[in-house]
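Here's my sequence, what's the structure:
(one chain, ligands or ions: 1)
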Amino acid sequence: MAGTVHRLVLAGGLLLMATLTQVARAGDLQVGKIYHGFKLLEHRPVKEISADAYLFEHVASGARLLKLASADDNKTFCISFKTLPQDDTGVPHILEHSVLGGSRKFPVKSPFDILAKGSLNTFLNAMTSADFTMYPVASRNRKDFVNLMNVYLDAVFHPRIYQDKRIFLQEGWRLELAQPDGELAYNGIVYNEMKGAFSSPARVLDFIVSRALFPDNTYGHSSGGYPDNIPQLSYEKFLEFHRTYYHPSNSYITIYGDGDVLQELKFIDENYLAEFKRQPPVPELRQQAAFDKIKEVSDHYPIGPEEDPSDKTFLELAFVAGGAGDQQLSMALDVLTDVLVNLPAAPLRRALQDAGIGHDVYASYDELKQGVIGIVVKNANAGDRDRFRDIVFNTLRRVVTEGIDKKDIEGVINRKEFMLREADYGGFPKGLVYTYFSLRSWMFAGDPLPALAYDKSLAYVRRALHEPLLEGMVRKYLLDNKHAVLAVVEPQQGLEQQRLAGLRQKLREMKKKLPAAEIARLVKQTADLRVWQSTPDRPEDVAKIPMLGIADLDPQAESFPLEQRQVKGVPVLFAPQSTNGIIYLRLLFDARVVPQEMVWLLPVLAHVWGQMDTANYDYGRLNTELNIHTGGLSLSLSLFPDSRQPENFQPKLEARAKALTPKFAKLVELEREVLLRTRLTDDQRLKEVLGELYSRLQGMVRSAGSYLAYQRAASYLGSRGMYGEVTSGLSYFKQVDKLFRHYSRDSGQLAADLQMLAGLLFSRRGLLLAVTCSEEDYPVFEKHIGTLLAALGDDPPRLQEFKLAPEARNEGLLAPSKVQYVYRSADFRALGYQFRGRMQVLRQILSRDYLTREIRIKGGAYGAWASFSRDGLATLASYRDPNLRKTFTAFDGAAAYLQGFSASDAEMTRYIIGTIARLDQPRTPAGKGEAAVSYHLRHVSQQQRQAERTEILATRQEDIRDMAKLVEDILKHAVLCVYGSEKVLRENKQLFERLVRVLH
Ligand SMILES: [Zn+2]
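Numbers count the residues shown, from 1 in each chain. Sure, this is the predicted structure:
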């Protein structure tokens, strides 16, 4: 149970929001003593994260274990290994996938998929980074938590990869040959995943920069795998990598939450670690020696064969600086990137904008063992390279002489502190984030805690407010640092087609040289693999994966409290939550006042407001004030479809903001400034802001194919989908693209349009306030919000009709992409079906069983799923998919699969558990407030959600078979939208009514 909330005042001016909870004392553990084979090395409280840290070493095996005991019931377990690749074959990544493909105690094809089907996990995944691989799981249920831990430990220490090479062929890479006279092709899940990843220029940039900065150590290699190099990985090398790195002596285990530490230690020792002996440490990560001269490198990324290459070059200056283990320096360098580049009026951003180089710039600090500061310019031209370098260095020299604005520094530090203390990591369990924060310092400096006990680093970086701390760093780590690289990644028309043709040619020649016996072997391997993938696991093996029973599930749907109140005549939706003294405020303005032909300007307005000068502040100062006093303010557009009548949807322009209670009055003042006193008179500035938006959207169109195809398919089906597409999909991008290209001609028009929209929108009539905070903080909101409400317009709103007629266009979206995203969607309400709880179980079965097997496992796509939304949208989709036609056929087979569906009681239970787990993902206090508001606006009652849950819990296999008809109807009426490779889409053009280029 949480204890009292204490608020302490910090020297820096921000309130400390540590909830000093009664942490479950882990008995009377004594440093130096041994518990279940683990010696307690150290025990200290980490008040910043309300936890008690216990650092252990397993005496026999050398495994390290950090227990973070806290009151949080979202328990997290993670085992990580230092993994240092020596080439670009992606061996750590392929291994990360493969060890989850069956193990000693769990000899099934994918224990991971079975856990994903049916456990109460709140997180289940594995990740490969540049120098480590981590296996995190989380659950709020004790029994489930132990089960997950059990499967993951068995997977990493006893995987079946040694007994079964097919796992490597499936997850990594293989040569496929369907028949002796067919074409050879590469396939494999990681192979396709990385082909998708390397379609993005940012990824290419990252790769060449790392390679240039670290020619002699592991950071010069891609741990994920470079597609051309993946096929160089042999099975033997793959196994050798496991032998070297996946040993307890090289492991780092973290356990977070309210579990019993002694039981956890006992379990791990008895079941896993006791059988291992210490192994010598893995070779140290070699330190890369610095250079005496800045390097220069370049490469290309693919754009469409007719796409205009101008303004599409990426430039980067990257410097090796700092590194894991010096937490104070890391925090300072992180702050430095924000004040130099990321703030809207940061000196480097300003200088590059003034010089007309690129449309967007960002900087980041990557905390590796040897850290990297990167400054990236997007949408520039190759000819800008030398000017880019000169401007960066000249500006940095000026910054050192003139000093950095102290207010800017204060703002950045305050915002960082706010985020750290709020600890709202969205869907990620805190235990996972804390593990991630601590790993490198633990691995490379022997202490996991500095990043968690962050007060010390904050105090250190606050010295920058009184002394030239950051200016000194600019000189040392940027100006005088020759361990750096200047990189250029240029677009190249048709590069993808050339590469594809080159690969085909190479494979043809390879085939010519293959002896007949080898051809026969490949044909057989291809067929055998297919048979193996299609053969279900033996039920007695599946039963070995531990699971809960229906009785372990909570029959009650979680309720999200919401009260309807009023302030000065404006309705308030109040979600009472304990938020550690933060008030989360949303102003929801009715966007139905905007005429249909202008709705696409709503997200433009949302982007522009807050980035321009206002009556009392220039935009730089405005941003700094927001940083100093608040946790952030942003505008966005949201749609709330009525669940009873989805075409009846409410578009809302939202202003979201948050601040600590004592700063709430200031927040209201700043919000008023942004909403009502924004000035659009500075033409040049408006163009820059638009340029940033354009650049980000272009990046989205290039890399978020899945999102675009989804939006586009939904737009064929109804006006809500149309609205979504026009305001966030490809149509929206095309409008912004046009606006930006013709800006000099239409600049006055844009400013006038936006001001007109603001006048329509920012009215107290039709406004809805949503606030999430504690009951005791509510009066603070009530007291101060009045000044803003009084300043808003008061005209009665004139609601406009939105009635764009949808049209099933079945488009192929041509993109410079190596993989496809295939979407088939239908409106099942229009086909006479209602949304039901059991559809969620159907979703789980289709996604986790049928589609995963057919499209991911057999097809080699990175992912595939089905979904059924409350609003009537049914979707079947694939992600980073090498196929198109095959996937299409697999979708078509879904109805037949359901007709013949049969499952044991245990399997059905598993699916139900997995369905409930998705519904019960833990939410932060702010997230609970949002859920409450969303259900309210969409007219989803608690009774309705309860009835759905009850139906889910009672779903039987007959119910699933009954829904075969639903899926058959959906497929019969489904529209199609595919984003993908121009070549593949053209080869299948008869599937489409139209082919559309996404970029020109
Ligand atoms: Zn992967």
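
remind me which residues of the stretch 451-600 of the chain are low pLDDT?
By pLDDT under 70, the stretch 451-600 of the chain has no low-scoring segment.

Could you do the chain as well?
For the chain, applying pLDDT under 70 flags the ranges 1-27, 746.

domains in it, as residue ranges please.
29-183+222-275, 295-492, 563-791, 811-997 (automatic domain parsing).

First-to-last residue distance for the longest one?
Its start and end residues considered, domain 563-791 measures 25 Å (Cα to Cα, to the nearest Å).

Which helix in the chain has the most residues?
Assignment by DSSP state H gives helix 683-703 as the longest helix of the chain.

State the next helix or strand along the chain beyond that one.
helix 705-715 (DSSP states H and E).

Which elements pack onto that following helix?
helix 683-703, helix 719-728, helix 730-741, strand 811-815, strand 821-827, strand 873-879, strand 975-981 (3 or more Cβ pairs under 8 Å, 6 or more residues apart in numbering; DSSP states H and E). For every residue, glycine as well, the C-beta is placed using N, CA and C.

Go ahead and confirm Asp308 touches Asp737.
No - with contact defined as Cβ atoms under 8 Å, Asp308 does not reach Asp737; the gap is 10.8 Å.

ok, these two, which is more surrounded?
Legend: neighbour count by other Cβ atoms under 10 Å for Asp308 and Asp737, higher for Asp737 (16 against 12).

residue contacts, the more buried one?
Tyr694, Leu697, Gln698 (Cβ atoms under 8 Å, 6 or more residues apart in numbering).

again, only using 10 Å
Tyr694, Leu697, Gln698, Val701, Leu999, His1000 (Cβ atoms under 10 Å, 6 or more residues apart in numbering).

Extract the C-alpha trace of whatever helix or strand Arg504 lives in and format it as PDB.
Arg504 belongs to helix 495-513 when assigned by DSSP H and E. Output of helix 495-513 as PDB, limited to C-alpha atoms (Å, rounded to 0.1, in the frame of the first residue of the first chain):
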ATOM      1  CA  LEU A 495      18.100   2.300 -56.200                       C
ATOM      2  CA  GLU A 496      15.700  -0.300 -54.800                       C
ATOM      3  CA  GLN A 497      14.900  -1.700 -58.200                       C
ATOM      4  CA  GLN A 498      18.600  -1.900 -59.100                       C
ATOM      5  CA  ARG A 499      19.400  -3.700 -55.900                       C
ATOM      6  CA  LEU A 500      16.600  -6.100 -56.400                       C
ATOM      7  CA  ALA A 501      17.700  -6.800 -60.000                       C
ATOM      8  CA  GLY A 502      21.300  -7.200 -58.800                       C
ATOM      9  CA  LEU A 503      20.200  -9.700 -56.100                       C
ATOM     10  CA  ARG A 504      18.200 -11.700 -58.600                       C
ATOM     11  CA  GLN A 505      21.100 -11.800 -60.900                       C
ATOM     12  CA  LYS A 506      23.500 -12.900 -58.200                       C
ATOM     13  CA  LEU A 507      21.100 -15.600 -57.100                       C
ATOM     14  CA  ARG A 508      20.700 -16.800 -60.700                       C
ATOM     15  CA  GLU A 509      24.400 -17.100 -61.100                       C
ATOM     16  CA  MET A 510      24.700 -18.800 -57.700                       C
ATOM     17  CA  LYS A 511      22.100 -21.300 -58.800                       C
ATOM     18  CA  LYS A 512      24.000 -22.100 -62.100                       C
ATOM     19  CA  LYS A 513      27.000 -23.100 -60.100                       C
END
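
who does that helix touch, helix- and strand-wise?
strand 174-176, strand 185-187, strand 295-303, helix 516-534, strand 975-981, helix 982-987 (3 or more Cβ pairs under 10 Å, 6 or more residues apart in numbering; DSSP states H and E).

how about a cut-off of 8 Å?
strand 185-187, strand 295-303, helix 982-987.

any chance of these in JSON lines, with distance to Gln944 and mean neighbour count too?
Output for the helices and strands packed on helix 495-513, formatted as JSON lines (distance: least, Cβ to Cβ, whole Å; neighbours: other Cβ atoms under 10 Å):
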{"stretch": "strand 185-187", "distance to Gln944": "45", "mean neighbour count": "18"}
{"stretch": "strand 295-303", "distance to Gln944": "48", "mean neighbour count": "18"}
{"stretch": "helix 982-987", "distance to Gln944": "41", "mean neighbour count": "18"}
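
Just tell me which of those ends up closest to Ser747.
Ser747 lies closest, by Cβ to Cβ, to one member of the helices and strands packed on helix 495-513: strand 295-303, at 28.0 Å.

Name every strand pairing with that closest one and say which way it goes.
Using DSSP bridges, the strands paired with strand 295-303 are strand 484-493 (parallel).

what sits up against the strand it pairs with?
With Cβ under 8 Å, 6+ apart, strand 484-493 has contacts from 201, 204-205, 208-209, 212-213, 291, 294-307, 309, 312-320, 382, 385, 388-389.

what angle sits between it and helix 495-513?
80 degrees (axes from the mean of the first three to the mean of the last three Cα atoms, to 10 degrees).

now strand 484-493: how far from the chain's centre is it?
Remark: strand 484-493 is offset 26 Å from the chain centroid, using Cα atoms, centre = their mean, to the nearest Å.

still on that earlier bit, could I get the domains of the chain as a markdown table with distance to Ala517?
Formatted as a markdown table, the domains of the chain follow (distance: least, Cβ to Cβ, whole Å):
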| stretch | distance to Ala517 |
| --- | --- |
| domain 29-183+222-275 | 11 |
| domain 295-492 | 37 |
| domain 563-791 | 41 |
| domain 811-997 | 26 |
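
Tell me which of those lies nearest to Lys513.
domain 29-183+222-275 (12.9 Å).

just so I have it, where are all the helices in the stretch 251-400 of the chain?
Taking DSSP state H, counting those that start in this stretch to define them, one finds helices in the stretch 251-400 of the chain at 261-271, 327-337, 347-354, 385-402.

highest average neighbour count across these?
Ranked by mean neighbour count under mean count of other Cβ atoms under 10 Å, those are led by helix 327-337, which reaches a mean of 23.

one step back: between the helices and strands packed on helix 495-513, which one is nearest to Arg712?
Using Cβ to Cβ, the helices and strands packed on helix 495-513 put helix 982-987 closest to Arg712, at 13.5 Å.

other SSEs contacting the closest one?
Counting by 3+ Cβ pairs under 8 Å, 6+ apart, helix 982-987 packs on helix 495-513, strand 811-815, strand 994-997.

can you rerun that using 6 Å?
Judged by 3 or more Cβ pairs under 6 Å, 6 or more residues apart in numbering; DSSP states H and E, helix 982-987 is in contact with strand 811-815.

got the contact list for the strand it packs on?
Cys977, Val978, Tyr979, Glu982, Leu985, Phe992, Arg994, Leu995, Val996, Arg997, Val998 (Cβ atoms under 6 Å, 6 or more residues apart in numbering).

go on, stretch 400-409?
Val339, Ala464, Leu465, Leu470, Glu471, Val474, Arg475, Thr624.

Now the element after the lengthiest strand in the chain, going C-ward?
Using DSSP state E, we find that the single longest strand of the chain is strand 645-660. Next along the chain after strand 645-660, taking DSSP H and E as the criterion, comes helix 664-676.
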